[in-house]
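>>> what's the 3D shape of this:
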Amino acid sequence: MAQHVKQLAKIAAIAVMATMGLAGEASANNPQDTKARLLADIAFEYAELGNSERLDEVLDQALRSTRAMEFQCFQGNPLARIAGSYLLIGQDEQGKPLLTEAIETAQRQEATGCSGSGTSPTESLGNRAKEYAEDGHLDLAIELGRGLGDPLTLAEVAGHLAEAGQSERATELLNQAITLAQGIDDQYYRTQTLSYMAYQLRTEGHTELVPPVLEQALESNSAFDLAQSREAASLQVSSLLWIARELAANGAESQAIAVLDQAMAKIQVLSNQPYPLDRIQYQVDVAVQYGELAQEAKAKAILADALAEAKSLPVDDTNRYLENAVTRVAEAHAQMGDFERALQIAETIKAVAERGSVFQQIALAQARAGNVEAAVELAQMGGSRGNATLVEITRHYLTEKQPDQAWNFVQTYEVEGILAEVALGYVEAGQPEQALQLVQSDSLVSSMPAAGQTDQALQIAETQPAETQQLDWLLPAIARGFAEQGQLETALQVAESINDKIYKAQAFIAVAQGYTTKDSAEQGRLRSIFANLIDFTTGLFGDSKREKVAAVLEQAIEVTESL
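Below is the predicted model:
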């Protein structure tokens, strides 16, 4: 479901910003730290409108709050936001030193291990650079990306440059990203970084930039020191399989098959010790990819060999290796659409959990083929995995940008734990009305028409008991959805209906962002052309729109100061 996650990433980021970016990054919910992050976001939105005395006041307030933060692990984020605000209005003498400070702060905090196993401070800053690029602030994204020296960030920004028609700058930045990746000492990490760079570019639609990156990934893969360890040989195969998948996805089928042939040759001489499942899993991966490339005979032959090898594994007390290996083969048949063979193999698996895993894969494949009833029947055969399988089928509809089908499926089969994702799917599809209805009440959606009932939904929201408001964290994203459609009044109604002050402030900020999204993206693309004209944003937004956005931001400030 990686593509589903990719499609909703930006909307989900808006939705959970208050939860993760404001509270979740702190060891405690410190009001001062929360204010600092909110004020930095407000200042940036004010900067979108151009220079003003009010902007100077907000920037000063945001900077003072940021410097006073108690939990400093992610202090670099608001610092970068404030730096970006200065850079947007052409005040480089204030902006550039602050940007450097933001990067150094993130690097210093990362060295302390303050984020544990979660997103690191520098990774978080990299995400901010990508958001700047998505919103059209390309120069700002480049400044931050180069300062971080992160190849993945620079590659993604290069893709946005290409999308904006700046092909020469895109190529130059991509070459810088490749050079940085080539400087990574660890062979596997270097190869995987290049491969993931290609994946990022492809999934964003920048397919023309992918070939040189994959070429470098193949070159890096060939440099593995296989004498180093058995693990090195295994990692080389793993990298080849990733590269082959990216080649195929980018339209280079013949080259992908050649890489798979190369990978298969290496798998055949790979030792099955000390990890018996590695060889079988790699054979399964190769077979599935061959099948996707219309090499079905090859695929089935490899799966037959893999099954024979799986059955030859020694049986331990838990039967773990044998059951796991056989499960992988059965799942591969399901992914290739050979449901009958997958079921035959599944019946030989004694472990309930492993057999349920196969049923889940077959059910998902059936759903993708349009056989919904068969998919549900298989899901129900999966025992405790039943609802999890139904969740994955729902996500399939969301991946295909079919939120109505997803919601109908959820209602028909009483799928649990997926409501938030369906609501986000509606926002992503440009249907915030339906998303709002889902968030406010389960029964509301089943009893009201699909659209045109926003007022009623808001009325119900005001009388809803607290225990049914667990999805309030989605409301900022929904408010932005209305604002992006120009429905400012409705967007503000959503924001004002929120009781939690953090979510409420974030919703007002999201409304300002959404209402100026198209204009601010255009502003970002033009800024490099009109670098010395600070007040040109007036012409882009218009006085009336600027006044409305400023009024929304003042509401955000009022709520923030009340924390």
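>>> so residue 406 makes contact with residue 391?
No. Judged on C-beta atoms under 8 Å, residue 406 makes no contact with residue 391 at a distance of 10.4 Å. Using the backbone N, CA and C atoms, a C-beta is placed for each residue, glycine as well.
>>> Those two: who's more crowded?
Neighbours per residue (other C-beta atoms under 10 Å) separate residue 406 from residue 391, with residue 406 holding more: 24 against 19.
>>> Spatially nearest residue to residue 52, not counting backbone neighbours?
residue 46 (7.2 Å; C-beta to C-beta, 6 or more residues apart in numbering).
>>> where does the one you found fall, phi/psi-wise?
In terms of degrees, to the nearest 10, the main-chain angles of residue 46 are phi -60, psi -40.
>>> So it versus residue 61, what's the distance?
Distance, residue 46 to residue 61, by C-beta to C-beta, to the nearest Å: 11 Å.
>>> Could you do residue 192 as well?
Counting by C-beta to C-beta, the gap between residue 192 and residue 61 amounts to 43 Å.
>>> next one: residue 98
Note on residue 98: its distance to residue 61, by C-beta to C-beta, is 15 Å.
>>> cool, and residue 505?
14 Å.
>>> Same check on residue 248?
Distance from residue 248 to residue 61, by C-beta to C-beta: 52 Å.
>>> picking that back up, who's more crowded, residue 46 and residue 61?
Set side by side, residue 46 and residue 61 show more neighbours around residue 46, with 28 against 19, by other C-beta under 10 Å.
>>> correct me, but the more buried one touches residue 56?
No. Applying C-beta under 8 Å, one finds residue 46 not in contact with residue 56, separated by 9.5 Å.
>>> so where's the stretch 151-300 of the chain shaky on pLDDT?
Low-confidence segments of the stretch 151-300 of the chain (pLDDT under 70): 227-228.
>>> Tell me where it has helices.
Secondary structure of the stretch 151-300 of the chain (DSSP state H, counting those that start in this stretch): helices at 151-163, 167-182, 187-203, 210-222, 230-249, 253-268, 276-292, 296-311.
>>> Of all the ones you listed, which one comes closest to residue 364?
Closest approach to residue 364 among the helices of the stretch 151-300 of the chain is made by helix 276-292 (13.4 Å; C-beta to C-beta).
>>> Report pLDDT for residue 8.
Model confidence at residue 8, given as pLDDT, is 45.
>>> Offset the numbering so it begins at 41, please.
Happy to do that; since the first residue is 41 now, the last one works out to residue 48.
>>> how about the nearest residue to residue 402, chain neighbours excluded?
Nearest to residue 402 is residue 374, by C-beta to C-beta, 6+ apart, at 4.2 Å.
>>> Other residues contacting the helix or strand harbouring the one you found?
According to DSSP states H and E, residue 374 maps onto helix 360-375. Residues from elsewhere that reach helix 360-375, judged by C-beta atoms under 8 Å, 6 or more residues apart in numbering: 316-317, 320-321, 324, 327-328, 331, 343, 346-347, 349-351, 353-355, 379, 381-382, 385-386, 388-391, 394-395, 397-398, 401-402, 404-405.
>>> Residue 348: neighbouring residues, count only.
For residue 348, the count of nearby residues is 10 (other C-beta under 10 Å).
>>> quick one: residue 119 from residue 539, how far?
For residue 119, the distance to residue 539 - C-beta to C-beta - is 30 Å.
>>> between the two, who's got more neighbours?
Between residue 119 and residue 539, residue 119 has the larger neighbour count (other C-beta under 10 Å), namely 27 against 11.
>>> So for that one, what's the pLDDT?
Looking at residue 119, its pLDDT stands at 98.
>>> Show me what the helix or strand containing it is packed up against.
Residue 119 is located in helix 116-128, with elements delineated by DSSP H and E. In this structure, helix 116-128 packs against helix 71-88, helix 93-107, helix 132-151, helix 161-174, helix 178-188, with contacts taken as 3 or more C-beta pairs under 8 Å, 6 or more residues apart in numbering; DSSP states H and E.
>>> Was I right to think residue 143 contacts residue 186?
No. Here residue 143 does not reach residue 186: they are 9.7 Å apart, not a contact under C-beta under 8 Å.
>>> neighbour count winner among the two?
Ranked by neighbour count (other C-beta under 10 Å), residue 143 and residue 186 place residue 143 first, with 23 against 18.
>>> which parts of stretch 214-221 are buried?
Buried residues in stretch 214-221, defined by neighbour count with 16 or more other C-beta atoms under 10 Å: 214, 216-218, 220-221.
>>> Repeat that for stretch 318-333.
Applying a neighbour-count criterion of 16+ other C-beta under 10 Å, one finds 318-333 buried in stretch 318-333.
>>> can you count the residues close to residue 90?
A count of nearby residues for residue 90, using other C-beta under 10 Å, gives 20.
>>> My error: substitute residue 266 in the last question.
For residue 266, the count of nearby residues is 11 (other C-beta under 10 Å).
>>> Give me the phi and psi angles of residue 110.
Listed backbone geometry of residue 110 is phi -80, psi -50, with angles given as degrees, to the nearest 10.
>>> Can you tell me the closest non-neighbouring residue to residue 253?
Leaving aside its chain neighbours, residue 253 sits nearest to residue 238 (4.4 Å; criterion: C-beta to C-beta, 6+ apart).
>>> Please verify my assumption that that neighbour contacts residue 290.
Yes. The pair residue 238 / residue 290 is scored as a contact, 7.4 Å apart, by C-beta under 8 Å.
>>> Pull up the overlap in contacts between these two.
Listed contacts common to residue 238 and residue 290 are 250, 254; contacts here mean C-beta under 8 Å, 6+ apart.
>>> When these two are compared, which one has more neighbours?
Counted by other C-beta under 10 Å, residue 238 and residue 290 do not tie: residue 238 has more neighbours, with 28 against 20.
>>> Please report how far the more buried one lies from residue 227.
From residue 238 to residue 227 the distance is 17 Å (C-beta to C-beta).
>>> again with residue 121
From residue 121 to residue 227 the distance is 37 Å (C-beta to C-beta).
>>> More neighbours: these two, which one.
Comparing residue 121 with residue 227 by other C-beta under 10 Å, the one with more neighbours is residue 121, at 25 against 18.
>>> thought the more buried one was touching residue 80?
Yes. Assessed by C-beta under 8 Å, residue 121 is found in contact with residue 80 at 3.9 Å.
>>> hey, what's in contact with both of these two?
Counting by C-beta under 8 Å, 6+ apart, the contacts common to residue 121 and residue 80 are residue 102.
>>> where does residue 404 land in three-state SS?
Of the three states, residue 404 takes helix under DSSP: H, G, I helix; E, B strand; the rest coil.
>>> That one: neighbour count?
Neighbour number of residue 404 under other C-beta under 10 Å is 22.
>>> isn't it right up against residue 429?
Yes. Here residue 404 reaches residue 429: they are 7.1 Å apart, a contact under C-beta under 8 Å.
>>> Give the intersection of the neighbour lists for those two.
Common contacts of residue 404 and residue 429, defined by C-beta under 8 Å, 6+ apart, comprise residue 415.
>>> quick revisit: how far away from the center of its chain is the helix holding residue 374?
Offset of helix 360-375 from its chain centre (C-alpha atoms, centre = their mean, to the nearest Å): 29 Å.
>>> Tell me what angle that helix forms with helix 336-351.
Relative orientation of helix 360-375 versus helix 336-351 (axes from the mean of the first three to the mean of the last three C-alpha atoms, to 10 degrees): 160 degrees.
>>> for the helix or strand just after helix 360-375, packing partners?
Next along the chain after helix 360-375, taking DSSP H and E as the criterion, comes helix 379-386. Using 3+ C-beta pairs under 8 Å, 6+ apart, the elements in contact with helix 379-386 are helix 360-375, helix 392-408.
>>> Can you give me the buried ones in the longest one?
Residues of helix 392-408 classed as buried: 394-407 (neighbour count, 16+ other C-beta under 10 Å).
>>> How about the shortest one?
Within helix 360-375, the residues that qualify as buried are 361-375, counting by 16+ other C-beta under 10 Å.
>>> Perfect, I'm done here.
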